[in-house]
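> no sequence on hand, only this structure:
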């Protein structure tokens, strides 16, 4: 599975964005002080009924990302320009628990971003780069 940094909110996390900052530090080595939070997207519920609040931020400077092998396998950096190409995006209707849901997919090289991660990505792209 491909996903953004994230995880379960700890009691010391003051907000969902504090959780995102902590998880980003743990998973890819970016200190919380090096990220400027821009805001949040709409809440999402995963197919496993987890509430996910996506936080959007900008990493200051030209930071390298570091894999924490206890947390993740690898890092994929996908250019925004690529994600805006219509040919890399598709939607399929999938049935889950008796209901049909649209499932988004983005293709990048040999990887496919899909499901909740693609839904978050789609909302971000449609917010920042609205199509007329």
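The structure has been received and is ready for your questions. Keep in mind that what you see is a predicted model, and the values were worked out from it rather than measured.

> residues contacting residue 27?
5, 68, 71, 72 (Cβ atoms under 8 Å, 6 or more residues apart in numbering). Where you see a C-beta, it was placed from the backbone N, CA and C, and this is true even at glycine.

> out of those residues, which is most surrounded?
residue 5 (21 neighbours; other Cβ atoms under 10 Å).

> list the contacts of that residue.
20, 23, 24, 26, 27, 28.

> looking at the residues you listed, which is nearest residue 38?
Nearest to residue 38, judged by Cβ to Cβ, of those is residue 20 at 11.7 Å.

> quick one: secondary structure of that closest one?
Going by DSSP: H, G, I helix; E, B strand; the rest coil, the secondary structure assigned to residue 20 is helix.

> contact partners for it?
5, 6, 54, 55, 57.

> again, only this time at 10 Å
4-7, 9, 13, 32, 35, 37, 40, 53-57 (Cβ atoms under 10 Å, 6 or more residues apart in numbering).

> pLDDT wise, what is it at?
At residue 20, the pLDDT value in this model is 97.

> mind putting the contacts of residue 27 in JSON lines, secondary structure included?
Below are the contacts of residue 27 laid out as JSON lines (three-state DSSP):
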{"residue": "5", "secondary structure": "coil"}
{"residue": "68", "secondary structure": "coil"}
{"residue": "71", "secondary structure": "coil"}
{"residue": "72", "secondary structure": "coil"}
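
> surely residue 95 is in contact with residue 102?
No - the pair residue 95 / residue 102 is not scored as a contact, 11.3 Å apart, by Cβ atoms under 10 Å.

> before we move on, the earlier item: make CSV out of the contacts of residue 5 and add distance to residue 62 and secondary structure.
CSV is the format used below for the contacts of residue 5 (distance: Cβ to Cβ, whole Å; DSSP: H, G, I helix; E, B strand; the rest coil):
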residue, distance to residue 62, secondary structure
20, 21, helix
23, 22, helix
24, 16, helix
26, 21, helix
27, 19, helix
28, 14, helix
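
> cool, thanks, signing off.
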